[in-house]
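Trainee: Here's my sequence, what's the structure:
(chains A and B)
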Amino acid sequence: MKISDTSSDAAPNSSTETNAPGVLLAAKSINKDFADKKILENISLTIEEGQIVTLIGPNGAGKTTLVRVALGLLHPDSGTIYHRPKLRIGYMPQRVHVEPTLPLTVNRFLQLANRQDTELLSNTLKDLKIGHLEAQQLTSISGGELQRVLLARALLRKPQLLILDEPAQGVDLAGQAELYQLISEISDKHGCGVLMISHDLHLVMSSTDEVICLNHHICCHGKPEHVTNDPAYLNLFGASASQNLAVYTHHHDHEHGIGGSVKEHHHD
Amino acid sequence: MIDSLVLFFSMDFVLYALAAGISLALVAGPLGSFIVWRRMSYFGDTLAHSALLGIALGLLTDSNPQLSIIISCLLFAFLLTLLDRKPSISTDTLLGILAHSSLALGVVVLALADTVRVDLEAYLFGALLTIGNTDLIWVLAVVSLVAVVLFSFWNDFVSITVHAEIAEIEGANVNRLNLILVLLIALTIAVSMKIVGVLLITSLLIIPPAAARSIATTPEQMAVRASIIGCISVGLGLVSAFYYDVPVGPSIVVIATLIFLGFYFYPSVLKTRR
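Mentor: A predicted model of the protein is given here:
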């Protein structure tokens, strides 16, 4: 695999996508096996500035693997990942385990990302409403608080692209809605693209531009209200899932192109 | 009694011992903290045991003993890092095999090389008071190098220890930093052989940080306080060696352990005073 840092390295037939000025990340025909088991099959997707892309899918569908490939932490067996040159990524992993032998305050944890800019640090803490946690040990805060701290760490790099692996896990229901709202606001405010994994369809719907339904391959994708009626989605999550949803559509003051994500698996 | 203690600490060999012990304890604090945080104490043990093989091979090839210890420690560290990337058997088992086979092999080789008599006990338990001029220079050189590298990459080392993947996304070269850290540990272990010996080196590295854990809220506090505890242990270890005529290396470890127990059971002693 190659992570091309210049757009000239992009595959010729995708040049219209990856050369577009707004494209932050483009994955093209990604395949990945683990122990002869196909985890990712021919995945292509693009993320543009200000666009929120949500990956949904059952457990073991390869969501985290796809995110790790997109980050460049994992090499795909075939396919290419394009990162816009000098792309700054803010990454929020699924799990953070801190050794109990390692004393670490929230403040010191955040300083690991950016030691110089103390103003940015205090502003970010204020924006995420976690200023009161600064002096606490990372191991002593609640699950919901930890997620906010991790989000803060990702934001301290002034990212152009945020990659969030289940940002709302361990957060209570009311907190989840709030967190997704926050992510959507961050994307609007800083114009950064977002790629995130979620289990909670109905909560994510309101704050996402594009949903990709993943089960090793891309089952269906598109705008949230489109995906919920897609037979492939209903097949994966059951018809009841969509009936229980009240899809709230969040209105941007501007439009996003879908970015020609997947040509192979069009269901519409 | 006090007069004789002053006299004791004004003797050259005692001053050498003190200088070597204190400087080592200073870097052992932060370096040992990483060993504790990353659960590498068994790794340190294995390196220490392999050092004895280094001595044996150094004697056989008639080369500088300190240099051969350093080289063998660095080689073993490198080897272990490579083996660890291909997990065919568990790291735990691998380290156990290497630690004891290299120790056994070292002892066998030393016994076979019967042209030179080697004071095995000095290498196993340390001989701080027999430290010479060149030994001290080795210790000071290595300690300065380790201190400079640790200081320059401190934030990166802490970051990869807390979460390697976030650190990598933020631009840290995780594999290279891991290797540097492992080599620093190997170097430090190689020069501390004379001070506390093969069997006790890891304790000098991990007991002071473990003691400092309960009185620290940040990694930096833990590292610095571990250094202080290490220095106190070295000082008191020397004093008790003088008063009670006990071996210095083990005394240092005993003192460090007592401090650890104190903070472990009464962490409030320091906290309430702050």
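
Trainee: Residue 46 - how many residues pack around it?
Mentor: I went with chain A, as the question did not name one. Neighbour count for A:Thr46, taken as other C-beta atoms under 10 Å in any protein chain shown: 26. Any C-beta I mention is one placed from the backbone N, CA and C, and that applies to glycine too.

Trainee: Let me rephrase: I mean chain B.
Mentor: 26.

Trainee: how near is it to B:Val191?
Mentor: Distance, B:Thr46 to B:Val191, by C-beta to C-beta, to the nearest Å: 17 Å.

Trainee: Check B:Val14 too.
Mentor: Taking C-beta to C-beta, one finds B:Val14 at 19 Å from B:Val191.

Trainee: Check A:Gln169 too.
Mentor: Distance of A:Gln169 to B:Val191, given as C-beta to C-beta: 47 Å.

Trainee: When those two are compared, which one has more neighbours?
Mentor: Neighbours of A:Gln169 and B:Val191, each counted by other C-beta under 10 Å, are more numerous for B:Val191; the result is 26 against 17.

Trainee: Quick check: closest non-adjacent residue to the more buried one.
Mentor: B:Val142 (4.6 Å; C-beta to C-beta, 6 or more residues apart in numbering or on different chains).

Trainee: Ok, B:Ile69 next?
Mentor: Nearest to B:Ile69 is B:Gly54, by C-beta to C-beta, 6+ apart, at 4.3 Å.

Trainee: which element is the one you found on?
Mentor: For B:Gly54, the host element (DSSP states H and E) is helix B:41-60.

Trainee: and that helix, what other elements does it pack with?
Mentor: Packing contacts for helix B:41-60, counted by 3 or more C-beta pairs under 8 Å, 6 or more residues apart in numbering or on different chains; DSSP states H and E, involve helix B:12-37, helix B:65-85, helix B:91-112, helix B:120-125, helix B:174-196, helix B:201-213.

Trainee: switch the cut-off to 7 Å
Mentor: Judged by 3 or more C-beta pairs under 7 Å, 6 or more residues apart in numbering or on different chains; DSSP states H and E, the packing partners of helix B:41-60 are helix B:65-85, helix B:91-112, helix B:174-196, helix B:201-213.

Trainee: Buried deepest among these, which one?
Mentor: Most buried of the helices and strands packed on helix B:41-60 by mean neighbour count (mean count of other C-beta atoms under 10 Å in any protein chain shown) is helix B:201-213; its value is a mean of 27.

Trainee: Go ahead and name everything in contact with that one.
Mentor: If you take C-beta atoms under 7 Å, 6 or more residues apart in numbering or on different chains as the criterion, helix B:201-213 is touched by A:101, A:103, B:28-29, B:31-33, B:35-36, B:41, B:44-45, B:48, B:189, B:192-193, B:196, B:222, B:225-226, B:229-230, B:233, B:252-253, B:256-257, B:259-260, B:263.

Trainee: Quick one: residues contacting B:Val158.
Mentor: For B:Val158, the contact set (C-beta under 7 Å, 6+ apart) comprises A:Leu112, B:Pro219.

Trainee: Averaged pLDDT, the helix or strand hosting it. What do you get?
Mentor: Element membership of B:Val158 [criterion: DSSP H and E] is helix B:154-162. For helix B:154-162, mean pLDDT is 96.

Trainee: Which element is encountered next along the chain beyond that helix?
Mentor: helix B:164-169.

Trainee: packing partners for that next one?
Mentor: Judged by 3+ C-beta pairs under 7 Å, 6+ apart, helix B:164-169 is in contact with strand A:89-92, helix B:174-196.

Trainee: what's the helix or strand for the residue lying farthest from the centre of chain A?
Mentor: Ranking residues of chain A by C-alpha distance from their mean position (C-alpha atoms, centre = their mean) puts A:Thr101 at the top, at 31.0 Å. Using DSSP H and E, A:Thr101 falls within no helix or strand.

Trainee: In contact with the nearest residue to it once chain neighbours are set aside, which residues are there?
Mentor: Nearest residue to A:Thr101, sequence neighbours excluded (C-beta to C-beta, 6+ apart): B:Val36, at 5.1 Å. The neighbours of B:Val36, taking C-beta under 7 Å, 6+ apart as the test, are A:Thr101, B:Ile206, B:Pro209, B:Ala210.

Trainee: quick one, what contacts A:Leu214?
Mentor: A:Leu55, A:Gly57, A:Ala61, A:Gly62, A:Lys63, A:Leu66.

Trainee: Can you find the residue of the stretch 1-150 of chain B that comes nearest to chain A?
Mentor: Relative to chain A, the nearest point of the stretch 1-150 of chain B is B:Trp37 (4.5 Å; C-beta to the nearest C-beta).

Trainee: For that residue, list the residues it contacts.
Mentor: Per C-beta under 7 Å, 6+ apart, neighbours of B:Trp37: A:Glu99, A:Thr101, A:Leu102, B:Thr161.

Trainee: Roughly how far does the last one sit from A:Gly60?
Mentor: Taken as C-beta to C-beta, the spacing of B:Thr161 relative to A:Gly60 amounts to 30 Å.
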